[in-house]
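Trainee: My questions are about this predicted structure, shown below with the sequence.
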Amino acid sequence: MKVLIIGGVAGGATAAARLRRLDEKAEIIILERSGYVSYANCGLPYYIGGTIQQEGALTLQTPESFKRRFKVDVRVHHEAIAIHPDQKSVTVRRLSDGTTYEESYDKLILSPGAKPIRPNLPGIDHEKIFTLRSVEDTFQIHQFVNQKAPQTAVIVGGGFIGLEMAENLTHLGLSVTVVERLNQVMSPIDYDMACGVHSYLRNKGINLLLDTSVEGFGPNGSGLRTLLDGGRHLDADMVILSIGVAPETHLAKEAGLKLGLRGSISVNDRMETSIPDIYAVGDAVEVRNFVTGMETLIPLAGPANKQGRIAADNICGRDSRYNGSQGSSVLKLFDMTVAATGLNENAAQKAGIPFDKVVTFSANHATYYPGASNMTIKTLFDPQNGKILGAQIVGFEGVDKRIDVFATAIRAHMTVYDLAELELSYAPPYSSAKDPVNMAGYVASNILDGLVKQYHWHDVSSLPKDGSVTLLDVRTSAEYARGHIEGTLHIPVDDLREHLRELDPQKPIYINCQSGLRSYIACRILSGYGFDCYNLSGGWRFYELIQQDGSFDASPAHPCGMKIEK
């Protein structure tokens, strides 16, 4: 059996290694148009920033090491330019000299990945505009930074690569502005959760221009001018384009394979395409969302590796199935960690899936043990049966551990009641006896069981102002003095029972504290006396963070000196 693989990196290289482990006699060939067959794609920004200092650390396998260990014929700088399903062959171009040849196959695996989007904007081909996909791209940016010593950079797009580059260029001493068309960075999380990320990035000296579109580029002396909507512009020494990726599927399209969303390759759960003996894996394929059951694109390394393994299994006569992706992801931003799995509110709404949500605020480990830091956890769940639909966490230490528990819970079709019952490891340096995951389960279970009703930050502005409801703040006097929701009555929770006569039992009471815990206790107290109570999810700290973000005006000047001009 002869297996030809177009593209290496995650999906293709994994498929090749799995094929060899299952079939020692198969002839396996990888065609890779770059000079690197298997490399740490997600580590590229950290080489530019200097965290990873050795070039070799980025390379997981070389053609030579693949040959020695797996007896795989890896041909770098070889580009597949046409697929001929009827002849079961591929036309290949040697990039070294431009000559072409035909390569036959019994089975073909497509792993072409996704390419950075380069919109058709004026000046888009300027030499100081970079994208980051390959090792070669990394070396180009690294060389430019070292030789030209840029002082300012504009990053277009606030996704994973954009924010990682913002961090790493900041570490190198550049003043960085991130321009994002949406009203938030990191689209896997909801706007309210992103507000904490916005505040943190600004405190790190990164300028954020949200709700801002780039309309083109032009020269400005020795630098580059980024043209923004509204007649504004930014002048900088370099630009990084990071506005997303698109499946690289022109070969599949020309070969007549069935395509899916955004031109991606349509595959079944065995990673088979619409043409027999052709498989596809990785960022170029359409997959099923594990939570919604709908077709989607999720260009992440973990799914690509799994898909490569599954394709190899099926080629070798096994019956392996890919059950869908849930988009589990994590991002390091300086000392902050941002993570998500499953659905966010936007995805649930688009899929027409009913949901409820809770926002909890928990320390990563016992607060009496030194070094505790808080994390904000948002949990989405089915309002009928409590099935977990998604989770988002923004915090510092311990975020990755908790998001993996949520990811496992979603894969196991667990409910918020199951979260409350999970027996997770505990010692003061690592967690609390009630782990943050347990706490999310407790709070959501209380909502489902009717022990407390809640309202959210976006409900506050629509509450009646005619005196028909009572707004109650149960924090301490010092906390209340530092800021509060306008129109609230202040009664600390520990004094609440002595002040019941000040509350009208005929009016609904909307209660808040700092994080939602003391206001929950207040709700239970007042409910015991017949009051109708609602608890502010996430508390004052969450509400205040969102209000501050909504009123932020970045237009006057970059905090590090990069001006936005008209």
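Mentor: Now that the structure is in, tell me what you want to look at.

Trainee: Sort out which residues of stretch 76-85 are buried, please.
Mentor: V76, H78, E79, A80, I83, P85 (16 or more other CB atoms under 10 Å). C-betas here are computed from N, CA, C, even on glycine.

Trainee: Can you add secondary structure, pLDDT and distance to S329 and give the residues you listed back as CSV?
Mentor: Listed next are the buried residues of stretch 76-85 as CSV, based on DSSP: H, G, I helix; E, B strand; the rest coil; pLDDT from 0 to 100; distance: CB to CB, whole Å:
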residue, secondary structure, pLDDT, distance to S329
V76, strand, 93, 29
H78, strand, 96, 32
E79, strand, 96, 30
A80, strand, 97, 30
I83, strand, 98, 32
P85, coil, 97, 35
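
Trainee: At which residues are the helices of the stretch 101-250 of the chain located?
Mentor: Using DSSP state H, counting those that start in this stretch, the helices found in the stretch 101-250 of the chain span residues 135-148, 160-171, 191-203, 250-254.

Trainee: Helices along the stretch 401-550 of the chain, start to end?
Mentor: 416-421, 436-448, 477-481, 517-528, 539-550.

Trainee: Ranked by average pLDDT, which of the ones you listed falls at the bottom?
Mentor: Lowest mean pLDDT within the helices of the stretch 401-550 of the chain: helix 539-550, a mean of 93.

Trainee: Kindly compare burial across the helices of the stretch 101-250 of the chain and name the winner.
Mentor: Of all these, helix 160-171 has the most neighbours on average by mean count of other CB atoms under 10 Å, namely a mean of 23.

Trainee: which residues touch it?
Mentor: Applying CB atoms under 8 Å, 6 or more residues apart in numbering, the external contacts of helix 160-171 come out as 45-46, 48-51, 132, 145, 153, 155-156, 176, 178, 180, 185-186, 201, 204-206, 240, 242-243, 329, 331-334.

Trainee: Over to stretch 222-236?
Mentor: Contacts of stretch 222-236 (CB under 8 Å, 6+ apart): 122, 126, 128-129, 150, 152-154, 156, 177, 179, 209, 212-220, 237-239, 555, 562-566.

Trainee: for stretch 253-262, same thing?
Mentor: By CB under 8 Å, 6+ apart, stretch 253-262 touches 82-85, 246-247, 249, 252, 263, 265-266, 273-275, 278, 280, 286, 295-297.

Trainee: Could you rerun that using 10 Å?
Mentor: Stretch 253-262 is contacted by residues 81-86, 90, 108, 110, 114, 245-247, 249, 251-252, 263, 265-267, 273-275, 278, 280, 285-287, 294-297 when judged by CB atoms under 10 Å, 6 or more residues apart in numbering.

Trainee: Test my guess that V285 contacts P247.
Mentor: Yes - assessed by CB atoms under 10 Å, V285 is found in contact with P247 at 7.6 Å.

Trainee: mind checking the end-to-end distance for stretch 27-37?
Mentor: End-to-end distance for stretch 27-37: 17 Å, by CA to CA, to the nearest Å.

Trainee: May I see the buried residues of it?
Mentor: Buried positions in stretch 27-37, judged by neighbour count with 16+ other CB under 10 Å: I28, I29, I30, L31, E32, R33, S34, G35, Y36, V37.

Trainee: Dump those residues to a markdown table, plus distance to T170 and secondary structure.
Mentor: Listed next are these as a markdown table, based on distance: CB to CB, whole Å; DSSP: H, G, I helix; E, B strand; the rest coil:
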| residue | distance to T170 | secondary structure |
| --- | --- | --- |
| I28 | 43 | strand |
| I29 | 43 | strand |
| I30 | 37 | strand |
| L31 | 38 | strand |
| E32 | 33 | strand |
| R33 | 32 | coil |
| S34 | 28 | coil |
| G35 | 29 | coil |
| Y36 | 27 | coil |
| V37 | 32 | coil |
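
Trainee: which residues does Y279 contact?
Mentor: Counting by CB under 10 Å, 6+ apart, Y279 touches 3, 5, 11, 15, 107-111, 265, 267-268, 270-273, 285, 307-308, 310-312, 314-315.

Trainee: Can you go through those residues and name the buried ones?
Mentor: Among the contacts of Y279, those buried by neighbour count (16+ other CB under 10 Å) are 3, 5, 11, 15, 107-111, 265, 267, 270-273, 285, 307-308, 310-312, 314-315.

Trainee: List the ones among those that fall in helices.
Mentor: Among the buried ones among the contacts of Y279, DSSP state H puts G11, A15, Q307, G308, I310, A311, A312, N314, I315 in helices.

Trainee: Any chance of a markdown table for those residues, columns pLDDT and distance to G398?
Mentor: As requested, those are exported to a markdown table (pLDDT from 0 to 100; distance: CB to CB, whole Å):
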| residue | pLDDT | distance to G398 |
| --- | --- | --- |
| G11 | 91 | 31 |
| A15 | 95 | 35 |
| Q307 | 97 | 30 |
| G308 | 97 | 31 |
| I310 | 98 | 32 |
| A311 | 98 | 36 |
| A312 | 98 | 36 |
| N314 | 98 | 38 |
| I315 | 98 | 41 |
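
Trainee: so of the contacts of stretch 222-236, which ones are in strands?
Mentor: Taking DSSP state E, the ones among those that sit in strands are 129, 152-154, 156, 177, 179, 209, 214-220, 238-239, 564-565.

Trainee: ok, now which ones touch the spatially closest residue to I29 that is not a sequence neighbour?
Mentor: Using CB to CB, 6 or more residues apart in numbering and skipping the chain neighbours, the partner closest in space to I29 is D73 (4.6 Å). By CB under 10 Å, 6+ apart, the contact list for D73 reads L4, A16, E27, I28, I29, I30, L31, P63, F66, K67.

Trainee: of those residues, closest to D435?
Mentor: Looking at these and their distance to D435, the nearest is A16, at 40.2 Å (CB to CB).

Trainee: hang on, isn't the closest one packed against V37?
Mentor: Yes - using CB under 10 Å, A16 is in contact with V37, at 8.7 Å.

Trainee: who touches both of these two?
Mentor: Listed as contacting both A16 and V37 by CB under 10 Å, 6+ apart are I5, G8, I30, Q61, F66, V72, V74.
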